[in-house]
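Q: I would like to see how this sequence folds:
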Amino acid sequence: MRSCHEWTVRDEDGVKREIRVIKEAGLWRFQSKRDDVETWTYYDNKKTKPPAADVESLLEVLERKYRRRRAAHSDIQLAKHMLSLLPR
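A: Reported below is the predicted structural model:
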C-alpha cells in the first residue's frame with residue numbers, strides 16, 4: 001500500500017522547501033523542492049541519501065499521525081531504522 005507524507009520547512013537562508021515522502025513496497029522515497037528552484041530533488045537510498053534532518057522530520061510527522069491513528073507503528077519503526085543508518 002502506498003502512503004504519502006508532505007510538509008514544508010524553511011531553510012537557513014529563509015527559502016521555503018517542500019518535502020514529500022512516499023512509501024512504496026516497504027521503502028521510503030524522499031523528494032524535496034525549494035521555492036527558488038523549479039525541479040524536484042530525488043533521494044534514493046542507494047546513491048543519494050536524504051538529509052538526516054528530513055528523516056527526523058518524517059519521524060515527527062509519523063509520530064503525530066500515529067497518535068491520531070493515521071500512520072502504522074511499522075512505519076515509525078522503519079523510519080527509526082533508516083535514521084540509525086544515516087551519518088549525523
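Q: C-alpha only now, for contacts and for neighbours.
A: OK.
Q: which residues of this protein score low on pLDDT?
A: 1-2, 45 (pLDDT under 70).
Q: please enumerate the strands of it.
A: Along the chain, counting by DSSP state E, strands occupy 3-10, 16-24, 27-34, 41-43.
Q: list the buried residues in the lengthiest helix in the chain.
A: Secondary structure assigned by DSSP state H gives helix 52-67 as the longest helix of the chain. For helix 52-67, the neighbour count (16 or more other CA atoms under 10 Å) marks 52, 54-55, 58-59, 61-63, 65 as buried.
Q: residue contacts, K80?
A: L59 (CA atoms under 8 Å, 6 or more residues apart in numbering).
Q: go on, V61?
A: H5.
Q: now with 10 Å?
A: 5-7, 55, 71, 76 (CA atoms under 10 Å, 6 or more residues apart in numbering).
Q: swap in R34?
A: Taking CA under 10 Å, 6+ apart as the test, what R34 contacts is 8-11, 15-19, 40-41.
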